[in-house]
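Student: what follows is a predicted structure for the sequence shown.
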Amino acid sequence: MKNQALVVGSSGIIGSAMTQLLANEGWSVAGLARRPNEEANVTAVSADLLDPEKLKAALKDMHPTHVFLTTWARQATEAENIRVNAEMVRNVLEAVRPSGSVKHVALSTGLKHYLGPFEAYGKGALPQTPFREEQGRLDVPNFYYAQEDELFAASERDGFTWSVHRPHTITGVAVGNAMNMATTLAVYASVCRVTGRPFRFPGSEVQWNSLTDMTDAAQLARHMLWASTTPDAANEAFNVVNGDVFRWKWMWARIAEWFEIEPAEFDGTLAPLEQQMADDAEVWQSMAKQFGLAEADIHKLISPWHTDADLGRPIEVVTDMSKSRKFGFLDYQPSDEAFFDVFDRLRAGKLIP
């Protein structure tokens with residue numbers, strides 16, 4: 001039987017990369033979102049993951065062999081994150097259960113598995129870096145753990161295999177995405193170039209000087225497909241990053257070079273983008289008019305709070321991928337080229353000048 005994929009969160013950074021990869025690989029693909037994108041060779045399915053009856057109705061004729069869970073909904077507190085995001089996973093797995101067709105479910109989470117939720121991000125006693133999959137859960141509530149528990153329970157009940165994928169900060173293109181560092185930095189650099197403002201690194205001295213890594217959405221999609229179709233990778237959790245490491249003091253200069261601006265000297269103090277860009281909505285509207293940009297609402301493009309959280313961390317964050325390598329996943333993506341690819345796509349789509 002031909003593999004049939006259900007990509008949950010198909011309009012997001014991960015989901016859109018996933019649908020594109022699967023369609024290119026010849027899979028039958030359905031993309032589920034509240035407002036799904038219209039894509040070639042992808043069946044668009046519209047449903048609210050928090051409305052179980054309508055979700056079941058939307059999926060009643062679907063017989064997916066593989067389910068890719070690539071979405072989450074940010075809430076005001078971690079308790080609400082746990083309740084809402086666990087419910088979404090549970091509702092999806094209940095909705096596809098009657099078909100009896102599911103062989104594998106892949107769940108994308110992230111490094112908050114090791115760093116803690118936003119309310120306690122990078123604070124307290126943390127595992128030693130580089131992070132490895134065998135490191136246990138932190139002793140704090142975390143919606144990633146709740147999502148995993150829903151996945152494990154459904155797997156035990158229904159007999160499908162699973163994989164959990166833990167990327168670092170993801171680069172990719174998805175307008176309106178809640179966590180989008182590459183697009184945020186592209187907008188920030190564009191504003192600096194047009195207005196003449198200094199292109200200041202917004203984060204901590206630790207992040208400026210320490211090694212780190214990232215995950216391109218296409219790399220993550222390849223990893224999720226690999227784990228979903230490799231028997232030896234079944235029922236395993238994996239870290240997934242590009243495969244290189246860098247320091248932000250090098251990457252910041254690379255990004256500045258792409259935008260043909262000079263990076264400001266870093267003085268060791270935090271300069272959060274949420275503050276730097278607080279009044280940029282009108283600036284961006286003016287730029288959109290001047291350059292004929294496709295999106296004049298800056299808030300649909302940037303997520304400075306998330307970029308600040310990553311770049312302001314007081315600890316080095318490096319991810320070990322030895323487990324994936326041992327199991328046979330050898331793909332590699334240079335992180336600077338991943339940024340440049342996003343910038344090229346944004347400019348081609350008239351989203352930045």
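Tutor: Noted; the coordinates are in hand. Residues are numbered from 1 along each chain as shown.

Student: give me the distance from the lengthiest helix in the chain to the chain's centre.
Tutor: For the chain, the helix with the greatest residue count under DSSP state H is helix 78-96. Average the C-alpha atoms of helix 78-96, do the same for its chain, and the two points are 18 Å apart (Cα atoms, centre = their mean, to the nearest Å).

Student: give me the residues contacting stretch 236-244.
Tutor: Among residues not part of stretch 236-244, those counted as contacts by Cβ atoms under 8 Å, 6 or more residues apart in numbering are 131-133, 148, 163-168, 213-216, 219-220, 223, 227, 319-321, 323-324, 327, 329, 331-335, 338. C-beta coordinates here come from the backbone N, C-alpha and C atoms, glycine included.

Student: which among these count as buried?
Tutor: Among the contacts of stretch 236-244, those classed as buried by 16 or more other Cβ atoms under 10 Å are 131, 133, 148, 163-168, 213-216, 219-220, 223, 227, 319-321, 323-324, 329, 333, 335, 338.

Student: just the ones in helices from these, please.
Tutor: The helices, defined by DSSP H, take in Glu148, Gln219, Leu220, His223, Ala227, Lys323, Ser324, Ser335, Ala338 from the buried ones among the contacts of stretch 236-244.

Student: turn these into JSON lines, columns for distance to Thr183 and pLDDT.
Tutor: Output for these, formatted as JSON lines (distance: Cβ to Cβ, whole Å; pLDDT from 0 to 100):
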{"residue": "Glu148", "distance to Thr183": "28", "pLDDT": "98"}
{"residue": "Gln219", "distance to Thr183": "17", "pLDDT": "98"}
{"residue": "Leu220", "distance to Thr183": "16", "pLDDT": "98"}
{"residue": "His223", "distance to Thr183": "22", "pLDDT": "98"}
{"residue": "Ala227", "distance to Thr183": "27", "pLDDT": "98"}
{"residue": "Lys323", "distance to Thr183": "30", "pLDDT": "98"}
{"residue": "Ser324", "distance to Thr183": "27", "pLDDT": "98"}
{"residue": "Ser335", "distance to Thr183": "16", "pLDDT": "98"}
{"residue": "Ala338", "distance to Thr183": "13", "pLDDT": "97"}
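
Student: okay, helices next: where are they in this protein?
Tutor: With DSSP H as the definition, the chain shows helices at residue ranges 13-24, 52-59, 78-96, 112-115, 143-158, 181-195, 205-209, 217-229, 248-258, 273-276, 281-291, 304-311, 322-327, 335-348.

Student: next, format the ones you listed as TSV and append distance to Ser46.
Tutor: Putting the helices of the chain into TSV (distance: least, Cβ to Cβ, whole Å) gives the following:
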stretch	distance to Ser46
helix 13-24	14
helix 52-59	7
helix 78-96	14
helix 112-115	29
helix 143-158	22
helix 181-195	24
helix 205-209	39
helix 217-229	22
helix 248-258	36
helix 273-276	32
helix 281-291	28
helix 304-311	26
helix 322-327	34
helix 335-348	25
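
Student: show me what contacts Lys323?
Tutor: Arg132, Glu133, Glu236, Phe238, Asn239.

Student: among those, which two are most distant?
Tutor: Arg132 and Glu236 (12.8 Å; Cβ to Cβ).

Student: can you tell me the closest non-neighbouring residue to Arg35?
Tutor: Ser11 (6.2 Å; Cβ to Cβ, 6 or more residues apart in numbering).

Student: how much space separates that neighbour from Gln20?
Tutor: In this structure, Ser11 lies at 12 Å from Gln20, with Cβ to Cβ, to the nearest Å as the measure.

Student: low-confidence ranges in the stretch 201-350 of the chain?
Tutor: Screening the stretch 201-350 of the chain residue by residue with the criterion pLDDT under 70, one finds no matching range.

Student: same thing but at 90, please
Tutor: Low-confidence regions of the stretch 201-350 of the chain, defined by pLDDT under 90, span residues 309, 313-315.

Student: thought Asp48 was touching Met88, still the case?
Tutor: No. Here Met88 lies out of contact with Asp48, judged by Cβ atoms under 8 Å, at a distance of 9.4 Å.

Student: and those two? Which one has more around it.
Tutor: Here Met88 and Asp48 are compared on neighbour count by other Cβ atoms under 10 Å; more neighbours surround Met88, at 23 against 13.

Student: now do the contacts for the residue nearest to that one when sequence neighbours are not counted.
Tutor: Nearest residue to Met88 in three dimensions, chain neighbours excluded: Leu49, at 4.0 Å (Cβ to Cβ, 6+ apart). In this structure, Leu49 makes contact with Val8, Leu55, Thr71, Ala73, Glu87, Met88, Asn91, Val92, judged by Cβ under 8 Å, 6+ apart.

Student: for Leu49, give its distance to Lys56.
Tutor: Counting by Cβ to Cβ - Leu49 and Lys56 are separated by 11 Å.

Student: ok, now Ala33?
Tutor: With distances defined as Cβ to Cβ, the gap from Ala33 to Lys56 amounts to 16 Å.

Student: more neighbours, the two?
Tutor: Here Ala33 and Lys56 are compared on neighbour count by other Cβ under 10 Å; more neighbours surround Ala33, at 22 against 17.

Student: would you mind measuring from the more buried one to Gly268?
Tutor: Here Ala33 is placed at a distance of 42 Å from Gly268 (Cβ to Cβ).

Student: perfect, that will be all.
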